[in-house]
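Colleague: Give me the fold of what follows.
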Amino acid sequence: MDFGLTDEQRAVRDTARAFVTREVVPLEAEMLRRERSGAPGLRRDELRELQARARAFGFWGMSTPEEYGGMALPAVTQSLLWTELGRTPVPFRFGGEADNILYEASDAQRAAYLLPTIEGERLGCFALTEPEAGSDAAGIRLRARRDGGDWVLRGEKTFITFGDEADYAIVIAVTGSSAREATAFLVDRAMGWTSRPIDTMGSWHTPALLTFDDVRVPASNVLGDVGGGFDLAMRWIVRGRYVIPSQAVGTAERCLRMAIEHANTRVTFGRPIGERQAIQWMIADSEVELEAARWLTLRCAWAVDQGAPARHPAAVAKLYGAGMVNRVVDRTLQIFGGMGYTRDLPIEGWYRAVRVLRVLEGTDEIQRMIISRDLLRGYEKIGGHLA
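Modeller: A predicted model of the protein is given here:
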């Protein structure tokens, strides 16, 4: 049993770490200043410029097939890179990516949506969640009715990442008697849907409410098969459930390093606070939980690389990773005391931002339901692949 990384994985990870340290981390102070004034942390043109620099560094299309100019990296290597990106609060991601289900596009759709998205010329969003259907994806109500050669969409989607900036949306709409008979549509903003940002406690990322008021979409914009949208939605969600804990590991690592450095330099009553047992225990607990989350996440990514079912390990990694990073950030803020509560440091921003991870892409409660149901019904064995 080898828990080590290959030389290639280490090289890719270390190169990504160097890029993030050199090009992204220095932007943190300006991002925090903008946040205090209510401005976006990173404009779209700035994101594209950074992505172009990353491309020159060799990072373009982590999951994108080589035929589209991507790296086609294994899931474990992708997880390592998402961890590096999680070390900074700057909302940066490597370019050359498209939603995994967008590869189901037809030839015409690939020319209009997939290729421009990979090149960064167009920005899409994935629209599944609704005001009355969050973790219960089977409860979606936005409907699409057939009208001649078109489909007409009516309803709302909410908490959509990049929804206020996107040029188009991948919309999951009910086309049958229930959400299980849903269809995915590629819907340009120019077709008539509108959006408005949703103000949240985590201001680094602003989701949006999307409104579809009888938006007419040509039948040629159906993604995949009519009635196949629910399965596409589940494929999209499972990938997110190992990306999220990967980023959480990076955030927790950065916070723990900050906590250790502060504990060694902050002096009270004539001694560094790191000599106090209360501080030592917070650091120890954070390290233990961080390591557990790291290996649960890599175990999930490994299952993806092996072509094994990943829903169960993804639920485990997402549940534990999201809770872990919340606890580590909380302890870090406690160790910094009043300084951690100020907006001069990114800690309080992380404190607000990571809270959504326990809700995003399926709440803690949904993950627990998936995990327990798999065990109770015999779909999974205790101990997983080692059982």
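Colleague: element containing Pro313, please.
Modeller: Element membership for Pro313, per DSSP states H and E: helix 311-336.
Colleague: Compute the distance between the residue of the chain positioned farthest from its centre and Ala263, please.
Modeller: Here the chain reaches farthest from its C-alpha mean at Gly270, the gap being 43.5 Å by CA atoms, centre = their mean. Gly270 sits 15 Å away from Ala263 when distances are taken as CB to CB, to the nearest Å. Yep, even glycine has a C-beta here, placed from its N, CA and C like the rest.
Colleague: now Pro313
Modeller: Applying CB to CB, the value for Pro313 to Ala263 is 34 Å.
Colleague: okay, the two: which has more neighbours?
Modeller: Residue environment comparison for Pro313 versus Ala263 gives the larger neighbour count to Pro313, 25 against 19, counting by other CB atoms under 10 Å.
Colleague: and stretch 66-74, which residues are buried?
Modeller: Along stretch 66-74, the positions that meet the burial threshold by neighbour count (16 or more other CB atoms under 10 Å) are 68, 70-71, 73-74.
Colleague: mind checking which helix or strand the residue most central in space within the chain is in?
Modeller: Taking CA atoms, centre = their mean as the criterion, Ile244 is the residue nearest the geometric centre of the chain, at 4.7 Å. Counting by DSSP H and E, the element that carries Ile244 is helix 229-265.
Colleague: Touching, Met9 and Ser79? I think so.
Modeller: If you look again at residue 9, you'll see it is Gln, not Met. No - Gln9 lies out of contact with Ser79 (CB atoms under 8 Å); the separation is 10.0 Å.
Colleague: Same drill for the two, tell me which one is more crowded.
Modeller: Under the criterion of other CB under 10 Å, the comparison of Gln9 against Ser79 puts Ser79 first, with 28 against 17.
Colleague: My read is that the more buried one contacts Ser246, right?
Modeller: Yes - assessed by CB under 8 Å, Ser79 is found in contact with Ser246 at 4.3 Å.
Colleague: Identify the contacts common to those two.
Modeller: Shared contacts of Ser79 and Ser246 (CB atoms under 8 Å, 6 or more residues apart in numbering): 297, 301.
Colleague: what sits up against the helix or strand bottoming out on mean pLDDT in the chain?
Modeller: Of the helices and strands making up the chain, the lowest-confidence element is helix 28-36, at a mean of 87, by mean pLDDT, DSSP states H and E. Here helix 28-36 makes contact (CB under 8 Å, 6+ apart) with 40-42, 88-90, 203-204, 343-344, 346, 349.
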